[in-house]
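A.B. asks: From the sequence below, what's the structure:
(one chain, ligands or ions: 4)
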Amino acid sequence: QEPFVVGSKSFTAVAINTAAKAGEWIKSKLGDINRVDTKYSSHDLVTEVDKGSEKLIRNLIMTHFPDHSFLGEEGVEPGPEASSKALKEVSDAEYLWIVDPIDGTTNFVHGFPFFSVSIALAYKGEIIVGVVYDPARDELFVAEKGKGAYMHGKKTTVSLDSKLSESLVATGFPADRNGALPINLKGTLALAPKVRNLRSGGSAALHLAYVAAGRLSGFWEIGLSAWDIAAGALLVQESGGKVTDTAGKPFHLAVRNVLATNGQIHDELQQKLVEAEATGL
Ligand code: 2AM
Ligand code: CA
Ligand code: CA
Ligand code: CA
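C.D. replies: Ligands and ions are numbered 1, 2, ... in the order given. All right, here's what the predicted structure looks like:
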């Protein structure tokens, strides 16, 4: 069976249209938020726009593919245990849509224009379509397993940097201030002097798209969930890059600590992260 198409409906076309519609709606709500709620902690925010975007995405996808399964961030209880459990519950789905309705909610709330819509489709546990849309810049990143990755029809390829000292690298500071943040800070401390410079934009999905497009040579973040990473991981792989967990193990949907690079700097970056974790702050 051809996994990309059922009948005449292209999964990728639906993913693109849905991400574009959701993104446009989100953009129209920028600066027009009535209420911000906290989820797990005061660092973990959610708005009506997150929920509305997920509802819009879910409705569109389920209208096209009613027998597919759907995993969206706002349909899951907050916290790392709940997100792992939710992924397990849908792990035997044939077709599973994995959706982050706004990746970068903190940015969205503050009017910092770096956030995205992330939509991935997995077939028997393997990601086959990944779409990340940045509505603020109207940039659309699309990948299909085995068919490459594109930004508005132009093939994306990872950067050629082979030295950390010539690499622009991004990370994300985890919302979990007790476990994950100190680990990330050790990595940050170890890498900041080694790389050309560090960035932290606040949308894991968009950082992964930037690695795919060669704008960043590497990205790592710990304490993420499948909806943050799924689409972006395929973008990086299909652009010639490498995705593992921060321990260097192969990427899969349950990975929470992600390292994505152009391939060239992967082992060195990974080694530095491992060394850093073993040191004290
Ligand atoms: P979100 O905006 O969809 O919540 C910021 O470093 C990145 O971490 C964003 O991609 C953000 O996604 C993600 N993230 C994962 N878990 C989070 C949490 N509990 N609180 C805030 N951001 C989180
Ligand atoms: Ca969130
Ligand atoms: Ca997210
Ligand atoms: Ca989100």
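A.B. asks: in the stretch 1-150 of the chain, what spans have low per-residue confidence?
C.D. replies: For the stretch 1-150 of the chain, the stretches with pLDDT under 70 are 1-8.
A.B. asks: what about Gly31, how many neighbours?
C.D. replies: Residues near Gly31, counting by other Cβ atoms under 10 Å, number 7. Heads up, the C-betas are built off the backbone N, CA and C, glycines and all.
A.B. asks: ah, wrong one, I meant Asn59
C.D. replies: 11.
A.B. asks: Assumed it was part of a strand.
C.D. replies: No: using DSSP: H, G, I helix; E, B strand; the rest coil, the secondary structure at Asn59 is helix, not a strand.
A.B. asks: now it: how far from Phe65?
C.D. replies: Between Asn59 and Phe65 the computed distance is 12 Å (Cβ to Cβ, to the nearest Å).
A.B. asks: cool, and Pro113?
C.D. replies: Distance, Pro113 to Phe65, using Cβ to Cβ: 31 Å.
A.B. asks: the more surrounded of these two?
C.D. replies: Phe65 (18 against 14).
A.B. asks: Quick check on that one: phi, psi?
C.D. replies: Backbone torsions for Phe65, taken as degrees, to the nearest 10, come to phi -130, psi 70.
A.B. asks: For ligand 3, what's its nearest residue on the stretch 51-200 of the chain.
C.D. replies: Asp103 (3.9 Å; Cβ to the ion).
A.B. asks: Tally up the residues packed near that residue, please.
C.D. replies: Using other Cβ under 10 Å, Asp103 has 31 other residues around it.
A.B. asks: In contact with the spatially closest residue to it that is not a sequence neighbour: list those residues for me.
C.D. replies: Leaving aside its sequence neighbours, Asp103 sits nearest to Ala205 (Cβ to Cβ, 6 or more residues apart in numbering; 4.1 Å). By Cβ atoms under 8 Å, 6 or more residues apart in numbering, the contact set of Ala205 is 100, 103-104, 116, 118, 132, 228-229, 231-232.
A.B. asks: Over to Gly179?
C.D. replies: Contact analysis of Gly179 by Cβ under 8 Å, 6+ apart lists Gly223.
A.B. asks: Make 37 the starting number, not 1.
C.D. replies: Sure, I'll start numbering at 37, so the last one becomes Gly215.
A.B. asks: Take the contacts of Ala241 and keep only those in helices.
C.D. replies: 264-265, 267-268 (DSSP state H).
A.B. asks: Spatially, which two of those residues are the most separated?
C.D. replies: Farthest pair in those (Cβ to Cβ) is Asp264 and Ala267. Separation: 9.1 Å.
A.B. asks: between these two, who's got more neighbours?
C.D. replies: Between Asp264 and Ala267, counted using other Cβ under 10 Å, the more crowded position is Ala267 (33 against 26).
A.B. asks: and the spatially closest residue to the more buried one that is not a sequence neighbour, how many neighbours?
C.D. replies: Distance criterion Cβ to Cβ, 6+ apart; nearest residue to Ala267, sequence neighbours excluded, is Gly166 at 3.5 Å. Gly166 has 33 neighbours, counted by other Cβ under 10 Å.
A.B. asks: Understood, closing this out.
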